[in-house]
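Student: next comes the sequence, and after it the predicted model I'd like to discuss.
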Amino acid sequence: MPRYGMFIDATKCVGCHACRVACQNQNELPAKENFNRIEEREYGRFPNFNREFLPVQCQHCDNPPCLKVCPTGATYKRKDGVVLVDDKKCVGCKYCMVACPYSVRVISEEHGVVEKCRFCIEMVEKGKEPACVTTCMTKARTFGDLNDPNSEVSKKIGKYKAKTLRADLNTKPSLYYRKT
Amino acid sequence: MLGINKILSHFGIQVLPQFIGKDEVMDHPIVDMKSPVNFRMTRRGFLKVAGTGLTAATLGNTLLDFAAWEKEIQAAPTEMIPTQCNGCGNRCGILAYVKNGRIWKIEGNPEANGNLGLICPKGHGYVHELYNPQRLKGPLKRVGNRFEPISWEQAYKEIAQKINLILLENGPQSIFWVNYPQSNNLYALRLMHALGSPHYFTHGSTCYTARNAGWKVTVGQLPCNDLGNAKYILIIGRNPAGGIDLAQVKEIVEAKEKGAKLVVVDPRHSETAVIADEWLPIKPGTDLALLLSMIHVMIKEELYDKEFIKNKTVGFQELEDETVNYPPEWAEKVCEIPAKTIVRITREMAQARPKALLHRGYHGAFGSQYLNSFQTARALAIANSLLGNINREGGIIFPKSAKLGELQPKHPAPELPKVQKADGTGIPGRYPVGSYGDGITHAIPELALSGELKAGFVYHNNPLRTNPNPKRVIAGYKKLELLVAIDTVLSETASIAHYVLPESFYLERTEAVDTKHSGKRAQVSIQQQVVKPLYNTRPGTQIIIDLAKHLGVEKYFNFDIEEGNRLRLQPFGVTLEELKKKGMLFVGEEWKEGLSKLETPSGKVEIYSKALEDLGFSPLPRWEEPLVSPDPKDPRSFRLLHGKQAIHTHSMTANQPYLMEISRYYDMVRLWMNSERGKTLGLKDGDEIEIESSIGKGSIRVRLTEGIHPSAVWLPSGYGIYSRNLNNAFGVGLSYNDFVPTLFDPAVGHAMTSEVIVRIKKA
């Protein structure tokens, strides 16, 4: 059984937001609702200066805080590690949105349910990659099986000693980052 | 050096203080653009359809049947049609997915040279314009201060009557066509030539004509960069990760993975600087000093390719004599890059040559920015030549381009117009180095005000927002006896037109076969219809053919787009059907290293240009100050720079909610200013400031950052929409054009859009 995950090389992200709009199209989201946020940070003083863009989306935690607080069991984790929301069960109470330390869950105004990155699972099951990965011009994103030590994603995580966001929270995310 | 009077004299302009603010907009009509249908097929929308017949009880508190939607996603018949994007002028190869008769999404065509399977945010977002309720839904005619619907036939008839009258009274040179991008210029050019007019314009003079001219004079043509194989890449002013070129970014990243070094020279920490090994924040307008000094070091330390210089260039001795004046210590004072850094990067590049290149550039730094831009482009071409990288792998290469088939002899071409272009491009004594093919588009208002131009067609272009000095542009275009806009929305320009002909959206129409995507092997490509037009619109090519028929020049247009495309493909042994299936096809031979005769007078790289000398311009790049500079004693004085963000193209995407929402959420409309300068002015990050130049003023929030040279402020382009008909973008942000006076470079005629000083204070 694979465990899906992603390596994000924040040193390569140029903050173009193609991932965001590609994702919106794939998931047929309205303009104001999106699953990808980019945080920008500045380092140093002129002229020794750099910027870094950090793309943040559902971290598909192995220990997801959102799941624990869901009163209806709408949020669930698949065997392959993908965390999903069952829209049938979601009542839009937003507890999960509060519980998520990464603030990546959004309420759908249109549907009254909570939504988030689904790793484009219907594409992945067809052997394709998530929309945010295929559109990225700097190839800042690598998707694959974390359980396979020979997968590109596992190799890159090893090579760059990539870390998860807020590891101190023990959420055990499936997204690994290389940062400056 | 030619003085400012000379610069302005060709069009008799006086730079007078004239103000345009966001509120001071023209009295254009507002059209009720309510959409009859909501086209967005949402999951909820799906439920409504799928759930018909379900009882309320069955639905219960289930707001949405996600499983059903997911099933539908997989089961719905999805059709994929390859075509070309229209989100900018690059026209990337895309695969459009249609589900239930609606556009669902696009993916990059992996075959496409220009985007290598990738799509930028503009491409993804611009798809939604298809369902934009503010799209034009039928032809419009201006009646007083309102637009009224008109039939296509009646519109054509009235336009033809007026054009024919103007032709009779003023001659063919009084008519013009402005085009963006260059896709179907074959048809537009044919129409203008059929009418006897040489006046075909692109947006070039506000974008890239100085760069093109510099390369053309030096090596005979505009080359491209073999970034993927380079070991050392120096980029001056160009920002392919912001003013997006997907293939270039991908190639840079791949080259870097193979160990290449990337150095970005830019007054602002651009998005390309984000992935660079080094950022060199140069004082804006002094890129020429950096290049002259690099040349100085290369010659002094004998780092250049002697074999190449000896066999393939003319004028090296004169260059040596001239650049002896530009040691790095001198350049450091001018451009504020340390002398030791200049020496180091020059040595590093020489070490990596011939797989070392200075990017050919685009808009920034020397596309159309400064009085010295043309000679900056020349110096850049010469620096590349010294590295011996011309048409070498990992260097500057001449792309393989496909020569498309001609419509003639089957459909005879009209004679080339005998009259000269009124903008003076290619004419000694006026703008001899200017591009005849692009024209000087920002001269149109002047030529309209002087009465030389009387009627114009503006195709998918918006000079009222994208040309400098809007007040002047509005006055010029309003003076026209006839203005016909061909567009998909009521842009600023369309809003003052006498007739607006609605073009089908790019996903609804087929265009002329194109060779836009050329690189190491030429490609032919097609933008083809993906969905049926939603409204009473027509493809641009059809509009041109229709106009020709009504204007009495139908003998040059006895074909349709289908036949035209077959004729264009004839030389390649590929059928239109094959092309439609794949979207793009490689044709012709692979690129090979090596240099034969160049298209210059000497057939060699012209370091020294006799032709320029004969025209009265400097035959060698010499240091030239920018036209204007900020006052170092005035804490409020800055040079105004501008540039693209990855999410917007010119003025055409700001109204698109999927893209504008990003601008709003991240407040990306802010003006960049160096933190220290901001502190001096008592500013905090996010404060509102007032900005004023000799021609305009406005207010905007400031982004205080360490990522910009202290002498300049930077405005993102794409904002400042003042057409009330584009209500999502109306009044959001500022356009640099509101501050830039009307200027013409003396050699090329480019707009010198960074030759503008602004004064800034806390609002």
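Tutor: Yep, that arrived. Numbering: from 1, shown residues only, chains lettered A, B, ... in the order given.
Student: now the strands for chain A?
Tutor: With strands called from DSSP state E, chain A shows them at A:4-9, A:37-45, A:48-56, A:75-77, A:83-85, A:106-107, A:114-115, A:141-145, A:175-178.
Student: any idea which of those strands gets closest to residue B:252?
Tutor: Closest to residue B:252 of the strands of chain A is strand A:4-9 (C-beta to C-beta; 14.4 Å). Backbone N, C-alpha and C define where each C-beta goes, glycine included.
Student: how far does stretch A:117-130 sit from its chain's centre?
Tutor: Averaging C-alpha positions (C-alpha atoms, centre = their mean, to the nearest Å) puts stretch A:117-130 13 Å from its chain's average.
Student: buried residues, it. List them.
Tutor: A:117-121, A:123-124, A:129-130 (16 or more other C-beta atoms under 10 Å in any protein chain shown).
Student: could I get the residues you listed as TSV with pLDDT?
Tutor: TSV is the format used below for the buried residues of stretch A:117-130 (pLDDT from 0 to 100):
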residue	pLDDT
A:117	98
A:118	97
A:119	98
A:120	97
A:121	96
A:123	93
A:124	96
A:129	97
A:130	98
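Student: in a markdown table: those residues, plus distance to chain B.
Tutor: Converted to a markdown table, the buried residues of stretch A:117-130 look like this (distance: C-beta to the nearest C-beta, whole Å):
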| residue | distance to chain B |
| --- | --- |
| A:117 | 15 |
| A:118 | 9 |
| A:119 | 13 |
| A:120 | 10 |
| A:121 | 9 |
| A:123 | 9 |
| A:124 | 12 |
| A:129 | 11 |
| A:130 | 12 |
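Student: and which of those residues is nearest residue B:622?
Tutor: For the buried residues of stretch A:117-130, the nearest to residue B:622 is residue A:129 (52.6 Å; C-beta to C-beta).
Student: give me the below-cutoff pLDDT ranges for the chain.
Tutor: Because you didn't say which chain, this covers chain A. Along chain A, segments meeting pLDDT under 70 are nowhere present.
Student: oops, I was thinking of chain B
Tutor: In chain B, residues with pLDDT under 70: B:1-75, B:182-184.
Student: which secondary structure elements does the longest helix belonging to it contact?
Tutor: Selection of the longest helix in chain B by residue count, based on DSSP state H, yields helix B:152-170. In this structure, helix B:152-170 makes packing contacts with strand B:175-179, strand B:455-459, strand B:482-487, strand B:499-502, helix B:540-550, judged by 3 or more C-beta pairs under 8 Å, 6 or more residues apart in numbering or on different chains; DSSP states H and E.
Student: the same query, at a cut-off of 10 Å, please.
Tutor: strand B:140-143, strand B:175-179, helix B:185-195, strand B:455-459, strand B:482-487, strand B:499-502, helix B:540-550 (3 or more C-beta pairs under 10 Å, 6 or more residues apart in numbering or on different chains; DSSP states H and E).
Student: quick one: contacts for the residue nearest to residue B:417 when sequence neighbours are not counted?
Tutor: Excluding the flanking residues, the one nearest residue B:417 by C-beta to C-beta, 6 or more residues apart in numbering or on different chains is residue B:198, at 4.1 Å. Residues near residue B:198 by C-beta atoms under 10 Å, 6 or more residues apart in numbering or on different chains: B:172-173, B:175-176, B:189, B:192, B:416-423, B:425-426, B:436, B:439.
Student: recalculate using a threshold of 8 Å.
Tutor: Each residue near residue B:198 by C-beta atoms under 8 Å, 6 or more residues apart in numbering or on different chains is listed here: B:173, B:192, B:416-417, B:419-421.
Student: ok so, going back, the longest helix of chain B to strand B:482-487, inter-axis angle?
Tutor: 140 degrees (axes from the mean of the first three to the mean of the last three C-alpha atoms, to 10 degrees).
Student: what's helix B:152-170 in contact with?
Tutor: So helix B:152-170 is in contact with B:139, B:141, B:150, B:174-175, B:195-196, B:454-455, B:481-482, B:484, B:498-499, B:501, B:536, B:538, B:546-547, B:549-552, going by C-beta under 8 Å, 6+ apart.
Student: so which residues on the stretch 151-300 of chain B come close to chain A?
Tutor: B:241-242, B:244, B:246, B:249-250, B:253, B:269, B:271-275, B:279-281 (C-beta under 8 Å from any C-beta of the partner chain).
Student: would you list the strands of chain A in JSON lines and tack on mean neighbour count?
Tutor: Listed next are the strands of chain A as JSON lines, based on neighbours: other C-beta atoms under 10 Å in any protein chain shown:
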{"stretch": "strand A:4-9", "mean neighbour count": "25"}
{"stretch": "strand A:37-45", "mean neighbour count": "14"}
{"stretch": "strand A:48-56", "mean neighbour count": "18"}
{"stretch": "strand A:75-77", "mean neighbour count": "18"}
{"stretch": "strand A:83-85", "mean neighbour count": "21"}
{"stretch": "strand A:106-107", "mean neighbour count": "17"}
{"stretch": "strand A:114-115", "mean neighbour count": "24"}
{"stretch": "strand A:141-145", "mean neighbour count": "22"}
{"stretch": "strand A:175-178", "mean neighbour count": "22"}
